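# How does the following fold in three dimensions:
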Amino acid sequence: MSYRIGSGVDFHQLVIGKELWIGGVLIPHHKGADGHSDADVLLHAICDALLGALALGDIGFHFPNTDEKFKNIRSILLLEHCYQLITKSGYTVVNVDSTLCLENPKIKEYVPMMQLAISQSLKVTVKDVSVKATTTETMGFAGIKSLSSSLSVYPTLAPRLLKVSPQLRPEPFSVVPLWK
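Here you go, the predicted structure:
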């Protein structure tokens, strides 16, 4: 078995009257993401990336928006289910690197809470979860504040044996200059 890397992207329209969940954290804001579930763009993108890393389909296949049992479901539960699928396939998560794209709200103060929620669901440390944010500099849908999106989510999956047995990991290498 080899290491696997997936990618995920998600978009949701921001509307008045909805809660804004990002990374498993409720963010106070006058608009929220519209969707069948809680519309957490970050967790949806992570789910897609995890599923894609092992060619297990996508979030819509596993949690169709036509199924009422997923109506208003917390996306953290979807992420936990995806993690179970990963472990049943003999893999575990090594790390997640993600980037959110939105103009407002600013999420800097919520990132540690997002990292904690994601790391607990994926059974990794907080340092194994990167959540970054960018804007579109007022361009496009995100720029006019009508859309929240999560772009470029890349989790690394490893065979469970490698994660559980640190003695099997390769030793760190050092770079030796060629001119010496």
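
# which secondary element of the protein has the worst mean pLDDT?
Evaluated with mean pLDDT, DSSP states H and E, the helix-and-strand set of the chain has its lowest mean pLDDT in helix 160-164, which scores a mean of 48.

# Helix, strand or coil: sort out the most centrally placed residue in the chain for me.
For the chain, the residue lying nearest the average C-alpha position, counting by C-alpha atoms, centre = their mean, turns out to be residue 46 (2.7 Å). What DSSP: H, G, I helix; E, B strand; the rest coil gives for residue 46 is helix.

# Check the one 4 residues further on too.
Using three-state DSSP, the secondary structure recorded for residue 50 is helix.

# mind listing what the nearest residue to it once chain neighbours are set aside touches?
The shortest distance from residue 50 to any residue other than its chain neighbours is 4.8 Å, reached at residue 82 (C-beta to C-beta, 6 or more residues apart in numbering). Quick note: C-beta positions are derived from backbone N, CA and C, even for glycine. Contacts were defined as C-beta atoms under 8 Å, 6 or more residues apart in numbering; by that measure residue 82 touches 46-47, 50-51, 59, 62.

# what ranges do the strands span in this structure?
When assigned using DSSP state E, the strands of the chain occupy the ranges 4-5, 8-16, 20-22, 25-27, 31-33, 91-101, 129-134, 147-159.

# The residue nearest to the centre of the chain contacts residue 119, correct?
No. Using C-beta atoms under 8 Å, residue 46 is not in contact with residue 119, being 11.4 Å away.
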